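> need a structure here:
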Amino acid sequence: MLKISVTPKAQAWFKKEVGLKNGSAVGFFGKVYGKTAIHEGFSMGMNVGEPDDALYSENIDDIDYYIEKNDEWFFHDHDLNIDYDEKKDEPIYEFIEQK
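Purely as a prediction, here's the structure:
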């Protein structure tokens, strides 16, 4: 089962830079162009708003982080860990292979 984890530093970045507040929701998805550790030609996208049909949702400090069912292909057999890069001042998306 897919899992999402968000470090406290990443959570603080989302609150500050994206304006997330208690009760907010942010979704993650694959978008065309770019590269991730597991996909060539696709990068990570995010949007603020409630899910239409969540595959997985994790509530951390009253903020929902989710992935929609139609984006299962992008995360297939991987968990998503979101950390924070202090030098670049941006999130780091880590794909952790499920065993």
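
> which residues of this protein fall in strands?
With DSSP state E, the ranges of strands along the chain come out as 4-6, 25-35, 40-48, 54-60, 63-68, 78-85, 90-97.

> Work out which residue lies at the spatial centre of the chain.
Central residue of the chain (C-alpha atoms, centre = their mean): residue 28, 4.3 Å from the mean position.

> that older thread, which one of the strands of the chain has the most crowded surroundings?
Highest mean neighbour count among those (mean count of other C-beta atoms under 10 Å): strand 63-68, with a mean of 20. Backbone N, C-alpha and C define where each C-beta goes, glycine included.

> what pairs with that strand, and is each one parallel or antiparallel?
Sheet pairing for strand 63-68, assigned by DSSP bridges, gives strand 25-35 (parallel), strand 54-60 (antiparallel).

> so where's this protein shaky on pLDDT?
For the chain, applying pLDDT under 70 flags the ranges 31-43.

> redo that, cut-off 90
1-2, 29-46, 71-78, 95-99 (pLDDT under 90).

> Which neighbouring elements make contact with the helix ranked longest in it?
Longest helix of the chain, by residue count under DSSP state H: helix 8-13. Using 3 or more C-beta pairs under 8 Å, 6 or more residues apart in numbering; DSSP states H and E as the contact definition, the elements that helix 8-13 packs against are strand 78-85, strand 90-97.

> ok, and what's touching that helix?
The contact list for helix 8-13 (C-beta atoms under 8 Å, 6 or more residues apart in numbering) reads 60, 61, 63, 82, 83, 84, 86, 89, 90, 91, 92.
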